[in-house]
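**Student:** Quick one, fold the following:
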Amino acid sequence: LQNDHKALMKQVEEALHQLHAREKEKHAKDEAEALAEAMNQSQNLPQAFAKVNAVTPGSPASVSGLQVDDEIVEFGSVNVNNFQNLQNIATVVQHSEGRPLSVTVIRSGKKVHVGLTPKRWAGKGLLGCNIIPLQR
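**Tutor:** Residues are numbered from 1 along each chain as shown. I've put the predicted structure just below:
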């Protein structure tokens, strides 16, 4: 009886060691995956749907800091998920005349937020920049 108890306790002890070793490996793997995901997030910029290919000096777009080659990720309520054509942006601009719009762009691999207020100015349109859709 004593020998059976010793053998059984030895099996339980070995099983516990294996269980904890597996748990430790799993934890280390989870941490490594979390780290890898965090690294990817920094490269994983949101998808742009349009690009600024011209900005007129002195225009509302120029004053707000928009630059040529900025890739647009969000333009007010328009983003990559609901963008169909440039008419979406035109509608947002018309409804936001005189009110600041939140515009998010990717510039040189970084996400940049710009406050753009569409308004009448000496030039054409309410923005003074040209936006082209990106072909995906």
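**Student:** could you give the mean pLDDT of stretch 35-54?
**Tutor:** Averaging the model's pLDDT scores along stretch 35-54 yields 77.
**Student:** Start and end of it, how far apart?
**Tutor:** Distances were taken as Cα to Cα, to the nearest Å; on that basis the terminal residues of stretch 35-54 are 39 Å apart.
**Student:** Now do stretch 93-113: everything it contacts.
**Tutor:** Here stretch 93-113 makes contact (Cβ atoms under 8 Å, 6 or more residues apart in numbering) with 45-46, 48, 52, 64, 66-67, 69-76, 92, 114-120, 126-127. All C-beta atoms are positioned from the backbone trio N, CA, C, and that covers glycine.
**Student:** Those in helices, which ones?
**Tutor:** Secondary structure defined by DSSP state H assigns 64, 92 of the contacts of stretch 93-113 to helices.
**Student:** out of the contacts of stretch 93-113, which are buried?
**Tutor:** Buried residues within the contacts of stretch 93-113, counting neighbours by 16 or more other Cβ atoms under 10 Å: 48, 52, 64, 66, 70-76, 92, 114, 116-118, 126-127.
**Student:** domain parsing for the protein?
**Tutor:** For the chain, whose domains are defined here by the TED database, the residue ranges read 1-44, 50-133.
**Student:** quick revisit: among the contacts of stretch 93-113, which are in strands?
**Tutor:** The subset of those located in strands under the criterion DSSP state E comprises 52, 71-75, 114-116.
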